Structure formats: C-alpha cells, structure tokens
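With the sequence up front, the predicted model follows.
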Amino acid sequence: MLAVLPLCMTFSILASVEYSAGMTSYMNSDFDAAQRQWLKAADLNDPKAMFNLGLLHERQRISGASEARADHWFRSAGDAGYAPADYHLARRLQLRGLDAESDALLRRAAASGFLLAQEQLGIQPQPQANRQESGIAKELTKQRPESSVSQVDSRNYQGERWILAQLSGAWTIQMLAFSEEAKVRNFIDDHGLHRNAAYFLDRSQSTPLFKLIYGAYATKQEADAARSGFTSQLKEHGPWLRPIKGVQAIIKGG
C-alpha cells in the first residue's frame, strides 16, 4: 500500500493540472484544446472532466460532436460518483420519455446530496455539509457561512434585478468577466452556480462586459472568509471583494 499511495497521488495531481488547463482553454473559447486536456484528465478518472466533455458534445462546441457521446460522458461521470452528471443526464433522458432510467439517475444524485435532484423528487434537502454541488459551485461554497448568503431560485439566472434588491451594505465576490452574455450563462450552467451567482452588464468601459459575482455577504469579513476557501484554481482567476453598492451604482449608470 505504501508504494501505491504516491502513485495515486501523482495521478490525482496530473488530473487536476489537465482539468485546470482545460478550463483555461474553455474560457478562451479554444474548445478543441479544452477537449484534449479534459480527455487526458478523464483518462486519469477525473469525473468533472468527463462531465465537461459531455457538455462540449451536447453544445456542439467541437467537431464530431454527438448526442451519443454526450450521454456517454455524462454517464461515465455519474458512474464515477459525480452527482451533477447524473442529474444532467436524467433531465436529458426525461425529454426522450425514458422516465425509468431518468428516475434512477435522479435518485442516485439525490442520495449523494445533490440539491436540485432532491427538489425535483420532492425529497427534504439534506444539511448543507452533505450536499454535492457541481464543479466550481462546490469549491466556492467551502467555508461559506450559510446564513450570510441570500438564497435564490437555483433554476434561474440571477441578474441585475437580484443585485439591486440586495442591501447596499452587503459585500460580494467578483469572479470573471465575459464579452458575451451567452458565455456567462454557459459558465453558470457548466458549474451549477445558479443558486448564489448573478451577473450584470458593465458599460463603463470602452468594451461592455458581463461580470459575474458570487454571493451577498453581510460583512467584508464574511466575504473574505468565503474567498479564503477557494481552491488554487479559482484563486488564479483573481476573485476580489467589492461592496454591492458599487455594482448597483454601475447598473444604475452612476
């Protein structure tokens, strides 16, 4: 066992490196490079890479994309224990009338603590510590004070109306900026960020950008505590703290 452990750790580190590289390529709209990097991570049994490969096929971002390959990768990720993949594939199968298989996948995702699957099945949500969220959503919520975050409908895109409704004294974490609204929505979809994320259009610069923020925290200290729980991958994107009132001023044109 002692000889095997370092090897397993090496595989895990390599998978993480390839997954992170794939995310960078995806954010730069280099989908072929993202596919290559995620295939390497998938070969090392990274379920998030498998899930993202499914999304590349589903959204036809790569040549040779197919629904069958999308199903294959979502199923592989689910079999590897990634509950968001079970939920996503279940929704796809529902559209085809494959209710029995869809229900089985929803129940497996719900048993893993995936909130959206629990909600669809009418199951009482498990405590926050036992929930499994997808991709970056799980990483973002580490060490997050649950009571400090405004709860919103996880099935909608939260935008400027939600931001304007927050208390002006709250703090948020700004994550990324996108040149197209479709890209920020894709990012939210890919990582299951609907529950606590929102985006707004910043027209104050020469090139308007859609900016993504995460959470509404009562104090700067609480926002900083949440940010400190980010993985090194998320920190590479340079998340920073800002008062909600500054975002609200931009939306209002102030």
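Perfect, thanks for sending it.

What ranges in the stretch 101-250 of the chain fall below the confidence cut-off?
Residue ranges of the stretch 101-250 of the chain with pLDDT under 70: 124-155, 191, 230-237.

so where do the helices sit in it?
For the stretch 101-250 of the chain, helices defined by DSSP state H, counting those that start in this stretch occupy the ranges 115-121, 135-140, 160-165, 181-191, 220-228, 232-235, 244-252.

elements contacting the third one?
The elements that helix 160-165 packs onto, with contact taken as 3 or more C-beta pairs under 8 Å, 6 or more residues apart in numbering; DSSP states H and E, are strand 197-202, helix 244-252. For glycine as for every other residue, the C-beta is placed from the backbone atoms N, C-alpha and C.

Over to the first one?
Helix 115-121 sits against helix 83-95, helix 99-111, with contacts defined as 3+ C-beta pairs under 8 Å, 6+ apart.

ok and the first one relative to helix 99-111, angle-wise?
Pointing back at helix 83-95 there. Going by axes from the mean of the first three to the mean of the last three C-alpha atoms, to 10 degrees, helix 83-95 is angled at 160 degrees with respect to helix 99-111.

For helix 83-95, output the C-alpha coordinates as CSV.
The C-alpha coordinates for helix 83-95 follow below in CSV (Å, rounded to 0.1, in the frame of the first residue of the first chain):
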residue,chain,number,x,y,z
ALA,A,83,-23.9,13.6,-8.9
PRO,A,84,-24.4,16.7,-11.1
ALA,A,85,-23.7,14.4,-14.1
ASP,A,86,-26.5,12.0,-13.0
TYR,A,87,-28.9,14.9,-12.7
HIS,A,88,-28.0,16.4,-16.0
LEU,A,89,-28.3,13.1,-17.9
ALA,A,90,-31.6,12.5,-16.1
ARG,A,91,-33.0,15.7,-17.5
ARG,A,92,-31.8,14.8,-21.0
LEU,A,93,-33.5,11.3,-20.7
GLN,A,94,-36.7,12.9,-19.5
LEU,A,95,-37.0,14.8,-22.8
